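Participant: Sequence and predicted model, in that order:
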Amino acid sequence: MSYDKKLLIVILRTLAGASLFALIPVCMPFAWMDAIHRALGLGPLPDVPITRYLTRSLSAFYAMQGALLLYLSFDLKRNLHVIRLFALLGVLFGFALLIIDLAADLPLLWIIGEGPFVMVFCMVILLLIQRIRINSPAMTGRAVTPTR
């Protein structure tokens, strides 16, 4: 297996593992969420239905994303096109997060560590996919037609 494929697998599984940690807040007592919110300097976390819903459903969604990435990482040849779509959408998502974080007036470290981090991570995935495709046309899952 090439270095690029191994690195892509490591990146996908690292991102998957980090995303799966989001299972913790799904079950976390709200008081703990409030304590974390306060520790980040964001003040008290509003204890209203929409906040309870969003904190848990978003965490569950991130965990689901992590499970999907982990699954996709076990068969690059078959899933490379899906991983590419994920990474393309991830770049757009990272840009959206940057705009949202700026508009929400979140702390600078949060702003830098979320949207730009997602964009860079996904661009690295796209670069690795491109390198894999160049070095191994069979990885695209499409038949390679010989030139005449």
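Facilitator: Sure thing, it's come through.
Participant: Could you use CA atoms for every contact and neighbour count after this?
Facilitator: Will do.
Participant: which residues of this structure score low on pLDDT?
Facilitator: Along the chain, segments meeting pLDDT under 70 span 137-148.
Participant: just the helices in it please.
Facilitator: Here the chain has its helices, by DSSP state H, at 3-20, 23-27, 30-39, 49-72, 76-103, 108-113, 115-135.
Participant: Redo these as TSV? Include mean neighbour count.
Facilitator: Shown next, in TSV, are the helices of the chain (neighbours: other CA atoms under 10 Å):
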stretch	mean neighbour count
helix 3-20	17
helix 23-27	16
helix 30-39	14
helix 49-72	17
helix 76-103	17
helix 108-113	13
helix 115-135	18
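Participant: From Y53, how far out is the residue nearest to R56 when sequence neighbours are not counted?
Facilitator: Leaving aside its chain neighbours, R56 sits nearest to V26 (4.6 Å; criterion: CA to CA, 6 or more residues apart in numbering). Distance of V26 to Y53, given as CA to CA, to the nearest Å: 10 Å.
Participant: who's in contact with L42?
Facilitator: Under the criterion of CA atoms under 8 Å, 6 or more residues apart in numbering, L42 has no contact partners.
Participant: Now with 10 Å, please.
Facilitator: Contacts for L42 (CA atoms under 10 Å, 6 or more residues apart in numbering) come out as 34, 36, 106-107.
Participant: And for T14?
Facilitator: 8, 20, 66, 69-70.
Participant: Most widely separated two among those?
Facilitator: Distance extremes for those: the farthest pair is L8 and L20 at 18.0 Å, using CA to CA.
Participant: I'd like the contacts of T14 written out as JSON lines, with distance to F121 added.
Facilitator: Listed next are the contacts of T14 as JSON lines, based on distance: CA to CA, whole Å:
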{"residue": "L8", "distance to F121": "11"}
{"residue": "L20", "distance to F121": "17"}
{"residue": "G66", "distance to F121": "14"}
{"residue": "L69", "distance to F121": "13"}
{"residue": "L70", "distance to F121": "16"}
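Participant: Among these, which one lies nearest to L80?
Facilitator: Closest to L80, out of all of these and judged by CA to CA, is L8, at 10.3 Å.
Participant: what's the distance between L8 and I132?
Facilitator: In terms of CA to CA, L8 sits 9 Å off from I132.
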